[in-house]
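In: Let's see this in three dimensions:
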Amino acid sequence: MSNYDSIVIGAGFAGAVVARELAERGDEQVLVMDTRDHIGGNCYDYRDEYGITIHQYGPHIFHTNIERVYKYLSRFTEWYDYSHEVVAAVGDSEIPVPFNLNTLELVFGDEAPVLEKVLIEKFGEGARVPILELRQADDPRLKKIADYIYENIFLKYTMKQWGQTPEEIDPAVSGRVPIVLSRDNRYFQDTYQGMPRDGYTALFEKMLDHSGITVRLNRNAKDVLQFGISDETAHYSEGQSSGNNDSDERKSFIRYRGEPFNGKVIFTGAIDELFDLRFGRLPYRSLRFDFEHYDEKKYQSHGVVNYTVSEDFTRITEFKYLSGDWDADGTTVVREYPFAYTGAEGEIPYYSISNSANNALYEKYHALAERVGLTLLGRLAEYKYYNIDAIVDRALTVAGELIDR
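Out: Prediction:
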């Protein structure tokens, strides 16, 4: 084990960025492990048999206002100029989402100019207003807009996605898709937007291509790493007696293949499963992806169409829009079906369900991880939502802190 200074568990953006930084800036030898047979985490993509780049775990769109993130990722990829636009299928119509002033005009017709004026006077031009805030407005004209959005765009889609009513969902989640008081139909208004020109997987390959990085796939960390607390004479599991209750004599330990490991361990996976659900399972939403190929130039009007009122799935993604593979034969799409994660084989935890009870449960795992000396990083390890740019930014910060130590 003298060959490795750090072990990174997980080869998604969190793990890959921190591994590259430790190897490059920290001059370390870093072992990266992942349970899957590929790098890239949920951003993994590949060309299907028809020559279309598809995202195996659902669409991932890069956008950011963080300059250092854009510059950092640009070291490993060139960009395909793509601005994401999404529409919602409502009845026989398709309307831009997030709901904006163009949507207002399509839905309310001749009433739209007056309603637009009321919205801007209340919230300001360019404002981003959470739907639940708009529903609290006293003005009946604003309530009319809010009721339409709530019933036709927000309510059923939210219940499908989260298995909860909007009122039960953390405001940080419901606020991610606000009403936008502008005529910009782009889903994101960030300064930097686009897709890796050769795909996300190629980006990860370049990021992990460093003499200081060793990648091992199909490797479950639990098979080779042991974490725990010991006293001077015996090892014990949390909640069991070690025969010595003097906490000052208990020491945390990390072992790799049975041998003590004194380097850094950065964990990016599901923290509850790492510790065998010791305090109970952390709730997540999962997704089922149904891919289909059609022998036609294109299947739908936009890269993503949300089904906010009808259907059991939440959206259909057509990948040619995202990748620019318009010369490929036919077109490939995917439908997304959300469901409650149970931990069954083949299921993947995607979205943490934030509320006071779940966050309190997570804190138990967080405290245990800190006690045994793990650094937690990423959506699953930190039990919180990150966009791509946010987790890259976070990983750069964490890597800097680890190097400075």
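In: wait, doesn't residue 305 sit right on residue 311?
Out: No. With contacts counted by C-beta atoms under 8 Å, residue 305 stays clear of residue 311, the gap being 10.3 Å. Yep, even glycine has a C-beta here, placed from its N, CA and C like the rest.
In: of these two, who's got more company?
Out: residue 305 (20 against 15; other C-beta atoms under 10 Å).
In: measure that one to residue 84 for me?
Out: 12 Å (C-beta to C-beta, to the nearest Å).
In: can you check residue 61 too?
Out: From residue 61 to residue 84 the distance is 5 Å (C-beta to C-beta).
In: Overlap in contacts, those two.
Out: Shared contacts of residue 61 and residue 84, defined by C-beta atoms under 8 Å, 6 or more residues apart in numbering, are found at 187-188, 193.
In: Which residue ranges of the stretch 201-350 of the chain form helices?
Out: For the stretch 201-350 of the chain, the helices defined by DSSP state H, counting those that start in this stretch cover 221-224, 271-274, 319-323.
In: Could you list every helix and strand in contact with the last one?
Out: Just to be clear, that refers to helix 319-323. strand 53-55, strand 331-340 (3 or more C-beta pairs under 8 Å, 6 or more residues apart in numbering; DSSP states H and E).
In: Any chance of a markdown table for these, columns distance to residue 288, mean neighbour count and mean pLDDT?
Out: Output for these, formatted as a markdown table (distance: least, C-beta to C-beta, whole Å; neighbours: other C-beta atoms under 10 Å; pLDDT from 0 to 100):
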| stretch | distance to residue 288 | mean neighbour count | mean pLDDT |
| --- | --- | --- | --- |
| strand 53-55 | 15 | 24 | 98 |
| strand 331-340 | 4 | 18 | 98 |
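In: export the helices of the stretch 201-350 of the chain to TSV and tack on mean pLDDT and distance to residue 344?
Out: Putting these into TSV (pLDDT from 0 to 100; distance: least, C-beta to C-beta, whole Å) gives the following:
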stretch	mean pLDDT	distance to residue 344
helix 221-224	90	18
helix 271-274	96	12
helix 319-323	97	27
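In: Quick check: which of those is buried the most?
Out: For the helices of the stretch 201-350 of the chain, the largest average neighbour count (mean count of other C-beta atoms under 10 Å) is found in helix 319-323, namely a mean of 22.
In: Just the residues contacting that one, thanks.
Out: Here helix 319-323 makes contact (C-beta under 8 Å, 6+ apart) with 52-55, 59, 61, 80, 82, 195, 199, 298, 302-303, 325-326, 328, 331-334.
In: picking up where we left off before, which among the shared contacts of residue 61 and residue 84 gets closest to residue 68?
Out: Among these, residue 193 lies closest to residue 68 (C-beta to C-beta), at 16.3 Å.
In: show me what contacts residue 361?
Out: 279-280, 282.
In: Closest one of these to residue 149?
Out: Taking C-beta to C-beta as the measure, residue 149 lies nearest residue 282 of the contacts of residue 361, at 31.3 Å.
In: Tell me the pLDDT of the closest one.
Out: Looking at residue 282, its pLDDT stands at 98.
In: what separates the residue nearest to it when sequence neighbours are not counted from residue 368, distance-wise?
Out: Sequence neighbours aside, residue 272 is the residue nearest to residue 282 in space, at 4.5 Å (criterion: C-beta to C-beta, 6 or more residues apart in numbering). Counting by C-beta to C-beta, the gap from residue 272 to residue 368 is 10 Å.
In: shared neighbours, those two?
Out: residue 278.
In: Among the helices of the stretch 201-350 of the chain, which comes closest to residue 163?
Out: With C-beta to C-beta as the measure, helix 271-274 is the member of the helices of the stretch 201-350 of the chain nearest residue 163 (18.8 Å).
In: same for the closest one, what does it pack against?
Out: Counting contacts by 3+ C-beta pairs under 8 Å, 6+ apart, helix 271-274 packs against helix 356-372.
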